[in-house]
Each structure stands twice: as structure tokens, then as C-alpha cells.
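[1] one predicted model, sequence on top.
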Amino acid sequence: MCGIIGYIGRQQALPIILDGLKNMEYRGYDSAGTIVATQTGIFAEKAVGKIAALGAKVGDPSKIIGSLAIGHTRWATHGGVTEQNAHPHADCGENLWLVHNGIVENHKELKKELIEVGHVFKSETDTEVLVHLIEEARKKHRELELEDVLRISLQKVRGTYGIAVMDRREPQKLIAARNFSPLLLGIGENEYFVASDVSAVIKYTRSIAYLNDGEIAVLTPEGFSVYDFDRNLQTKKLHEIEWSAEEAEKGGYSHFMLKEIFEEPEAIENSMRGRLFPETGEVRLAGLEKFRGILKNTRRILISACGTAYLAGVAGKYMLEEQVGIPAEADVASEFRYRKPVFCEGDLFLALSQSGETADTLAALREAVDKKIPALGIVNVVGSTLARETDAGMYQHIGPEIGVASTKAFTSQIALLTLLTLFLRQDRGMDAVESKRIADALAKIPDLMRRILEKSEYIKEIAKKYCKYENFLYLGRKYNMPVALEGALKLKEISYVHAEGYGAGEMKHGPIAMIDGNFPSVFIAPQDSVYEKMLSNIEEVRARKGPIIAVATEGDMRIRELADDVLYIPKTLELLTPLLTVVPLQLFAYYIGVLRGLDVDKPRNLAKSVTVE
């Protein structure tokens, strides 16, 4: 997603800014820009596309003389992919310049107020509101320092932000602030950096200070200070980064896949932020507000997707039917249009895709649209084809997923399907107590995920034990049947080991013939409504001397007696168990792939986005 880099010091700033932007390319972006305070005024440039396009417009950066600059890579949210919408953004006088990661939730109200007092906006972004707010506050508080004017301005803002601000009239000061969007300071020798990612600055310094929410940093060539919003000076601990510049783009992780597995708790939080209110059980889905009438009258939901997204859709089908009482179907998108689906009055089509460019999913969507069926989307990439062609939907807001084997996109999609389930329950006047119970449990999922991730070294040891096996059977029931398929898919994708996922009830209808001492079975068996059935399946494999790995609820000693190895997850509600059971299976697949010496980020023959049928 969007990247921030800022510099103040003794060196020429622009080459550092461009280098920092280049090192953040892996995050995903669609445009970039920079502003430098020079001896004669300002140098500003923006470009749509890659950093190379910005570099071509800049020319020789060493000829731009100035030691204060900020730069940004933008991933479009509010407004299309244009140079006008690219950051940095300026105030009316082009004195203040600002870059921003996050979302200003009340930007429409603020923009209206600012226009009424004479401000002129040049972009479609929510970000531009921030720089005009600062400009307006500075008119009213000319006696205050820039950091105090920023603090006053941000008190009016509702939303998330990591920002860097400079005033060309004060070339000896760079300001940064954070609220729910990562931002750090790089501490060099008579030079200082602000960035959203260590990879942007690791080439220049390994000494890092992390900003906390509600903090403002003031950087000058002589030093830096950090304050809270009450103007109290904060003491910052400096962290020495141990990895190299080459490794930094992965955030210190050996692979993007591992990084993205460890990002899942934060990804779920980002997907739910501003949407889930567990204290009341309320769900607010702004993207579906105009669809409320259609949703209330929906009689059947048709879910269509490919690969991992399809399996998330299967979990969503179970939720919608059990919790809302609405018929739902989940289809592999590549089969949907060819089976000549029969559409009925009251149908609703729901497409899932991380990239929003999956050819088969788009084809299924167009089949539904051609038949005048209302269409929703759950997608991660803003402005993608899926986002444009659906009537409404929800963005995942999880940042770019670079590893080809999807991890955090899967759990985010399930979280959003849970929010959709709660939204429909609420709109249909269903039991509010039960809805609040689900909302409470969903809000706790990120912390429960973190508890699983703390056991990653144990899961690695289990992977070492099984990494030489060539065949696996994954089994689950009900909500964890799609998790069984997903666990097998992950192992196939990144380790090239043959693995099959099945509904456990189907085991006796064929797969059991394969079981022997060289064919491990992975059982997803939390303590839920089908737990006893899963124990029976385990006994059947055990009787045939098949090695058994179980994913089970913490404290379950019965399963410990039956399985050779157990991967425990914390207890949660049954419909939410896929959000937890899949995490150890992702790690298990990852470690087996690594132990087999494979490039788990770029599996052979696979692409991140399948844009051809």
C-alpha cells in the first residue's frame, strides 16, 4: 500500500527520496510524487505508474539542490489514478506540502467547511483536506509553531493517518504524525528520516524510533523531538535494525509469505476498522448503504470466486445459511457461467477476488450482470475491474499481498463475510444478543491469531518431522471443510507435495484407500458441533496406522491421545474457527516449502493474479 519517505539533513535530499520510494515498491502502488525545498523555492513532481516514470520526469536528481524533501507512493482509494491525485498535496499558497497514508473518514464534511471559507481543492482525494486544514489553522494561530498548528488541525480529523508535513518557508523543519498507520523515524548522523517502512531508510541508518498513535515528531538537522497530543515530550527508545538493506523490503522476514502470515492480525483489524462496533454489536458497511433495500429483499446469494477466495466463499455460504437463514451457493467461478446457472428474482451475486482482475471471476460477474442480477464485490485492490463493475461492496484494506500463495487475503475475506452476515442479521431484525456475541468474538480474533503466531517455532519443528512425505490428506467438517481444502492447496502451491483436501465425511468414500504408514492425515478438529464425528474419523485413520496431525482447541487432551502431533488454537465461536485453524496450516505449508529448498514466494507456474481464462 502507500509508502512515505521524508528527509532532512546535510545531504541532497532528492536522490535519497527516490531511492527510498524504490525500496518500497514491493508494497504496491499506482503513482508517486515528491517535493523538495530548494534554495530558490520548491521542486515538485508527480507521475502515474512506476518510480521509473517519476525518475524520468525528475531527470538528474543530484541537480536539484535542497536538503528537505518528502516523497510518496500512492495506492488509490479516494479518487482515480491521476497525477492530480498523487501525493504530495499542497495548500492554496503552495507553501505547505503533505503526504499521507490512511483514510480521513470525515473528509467530506471537512472539505465542505473549508470550501465555504475560500479553500480551493485540486484533487479528488481525502488527503488534500489535511493540508488545507493546517493552512486554515495557521491563519488563525500565526504565533504557533508548525507542529502545534498540526496538532490543532488533527483534532478535527476522524480516521487513520501517517503523515509527513513540510513548509517551504521553514526549510529546517520536517513534521510527522501517526494515528493507526505505521510511521517510524530513522536516526542518522546530522540527518533524520521519516518513513512508513524500514526498507526506505535501512540503506542510510539502522537506528530506528517507532512513533506511537497520537504522537507528533519534529525533525531538524540538529535533532528530533516527539510529543503526544497534549504537548508532553516523549522519550523514544532507539532500535538497531539487524537485517540488511536487501532483506529490509520484507520487513526482516525471510519471505513475503511469512511476513504476510504474521500480518494477518493487523490485516483483520484493518478490514474491520470503522465497520465493527463490538460494544453494541453494530456493523456499519458504508459501501453497502445504498444497497440496503436490495439486501432486505434478497432471497438467495450466489458466491463466486477462484482458488483460495472460493474457499473463503464456502465458509461464507455456511455462515449466511446458518446465521441469517438465507440460501447461499458457492461456485468455482470458472464453472459458473458454463453450467448455465438459473437466476431467480431476489438473487444477489457476490464476487470475491484479492486482485479484482481474476478473469474467471470477472466472467462470472458479467454473466450475472447480463441477467440483471445485483452484484456485490469483496476485493483488496482499489479501482480494480471487479471494484468498478460491481454495484457495491467492501474493500479489504489489507495492503498488498505479494506472496503468490494467498494468506492474509483469505482470512480478511472470511472476516468480511462475517461482517456481511452480521449486517444482514441486523437489517432483518434478528436476535441482537446473538449478533453481539458474534461481534464480540470477532473483535478478539486478531489477538487470538497472535497467540498462534507465537508458536511458529513449534510448528516449524512439526514441519521438519513431515517435510519428506510426498502425500497428505486434509480433512475437516462444516466450517472447517473449506479450511481442509485450503490447507491442502497451500501445501501443493509452495512445496509441490501432493495433498488432497476433503470433507471428513467423504473419507470412507474413497480416500481411506490411500491411508498407510507413509500417508499423513491432517485433521481440523476444534471442539465444535462436529467434534465427535471428527474423533471417529481420526480413529479410522489411526486403525490403519496413518500418521495423524490434528488442529485442535487448546486444552483438548482427548485428541492428544489419538494424534501423533497437535497444533492448538485458542477457543472461539464455531463460525469463526476458520480464521484460526488456517493459520497453523499456512505456517506448516510455509516451513515445509522452505525446508524443501523452494522459493515459496514465487511457486513455479503460478501467478499472483490470473488474468486469463
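    Arrived safely.
[2] give the closest residue to T308 in space, chain neighbours not counted.
    Distance criterion Cβ to Cβ, 6 or more residues apart in numbering; nearest residue to T308, sequence neighbours excluded, is S406 at 4.2 Å. Every C-beta, even on glycine, is put in place using the N, C-alpha and C of the backbone.
[3] for that neighbour, give me its contacts.
    Residues counted as contacts of S406 (Cβ atoms under 8 Å, 6 or more residues apart in numbering) are 307-309, 354.
[4] can I get these in a markdown table including secondary structure, distance to N480 and neighbour count?
    Converted to a markdown table, these look like this (DSSP: H, G, I helix; E, B strand; the rest coil; distance: Cβ to Cβ, whole Å; neighbours: other Cβ atoms under 10 Å):
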| residue | secondary structure | distance to N480 | neighbour count |
| --- | --- | --- | --- |
| G307 | helix | 18 | 24 |
| T308 | helix | 15 | 23 |
| A309 | helix | 18 | 25 |
| Q354 | coil | 22 | 29 |
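[5] ok, of the residues you listed, which one's closest to E136?
    Q354 (39.3 Å; Cβ to Cβ).
[6] and stretch 498-515, how far out from the chain middle?
    Here stretch 498-515 is found 33 Å from its chain centre; the criterion is Cα atoms, centre = their mean, to the nearest Å.
[7] mind listing what's buried in it?
    Buried residues in stretch 498-515, counted by 16 or more other Cβ atoms under 10 Å: 499-504, 507, 511-512, 515.
[8] element containing the residue nearest to L54 when sequence neighbours are not counted, please.
    Distances taken as Cβ to Cβ, 6+ apart place A47 nearest to L54, at 4.1 Å, with adjacent residues excluded. Per DSSP states H and E: A47 is located in strand 41-48.
[9] report the buried residues of that strand.
    Under the neighbour-count criterion of 16+ other Cβ under 10 Å, strand 41-48 has 42-43, 45-48 buried.
[10] hang on, the earlier thing: who's the residue nearest to L54 bridged to?
    A32 (DSSP bridges).
[11] I figured it hits G33, correct?
    Yes. Under the criterion of Cβ atoms under 8 Å, A47 makes contact with G33 at 7.1 Å.
[12] joint contacts of these two?
    By Cβ under 8 Å, 6+ apart, A47 and G33 have these common neighbours: 54, 83, 86.
[13] I'd like these laid out as TSV, including distance to R206, pLDDT and secondary structure.
    Below are these laid out as TSV (distance: Cβ to Cβ, whole Å; pLDDT from 0 to 100; DSSP: H, G, I helix; E, B strand; the rest coil):
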residue	distance to R206	pLDDT	secondary structure
L54	27	96	helix
E83	35	95	coil
A86	30	96	coil
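[14] got TSV for the residues you listed, with neighbour count and distance to T235 too?
    Shown next, in TSV, are the shared contacts of A47 and G33 (neighbours: other Cβ atoms under 10 Å; distance: Cβ to Cβ, whole Å):
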residue	neighbour count	distance to T235
L54	24	37
E83	14	41
A86	27	36
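[15] turn those into TSV, including distance to I524.
    Supplementary listing: the shared contacts of A47 and G33 in TSV, determined by distance: Cβ to Cβ, whole Å:
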residue	distance to I524
L54	47
E83	49
A86	45
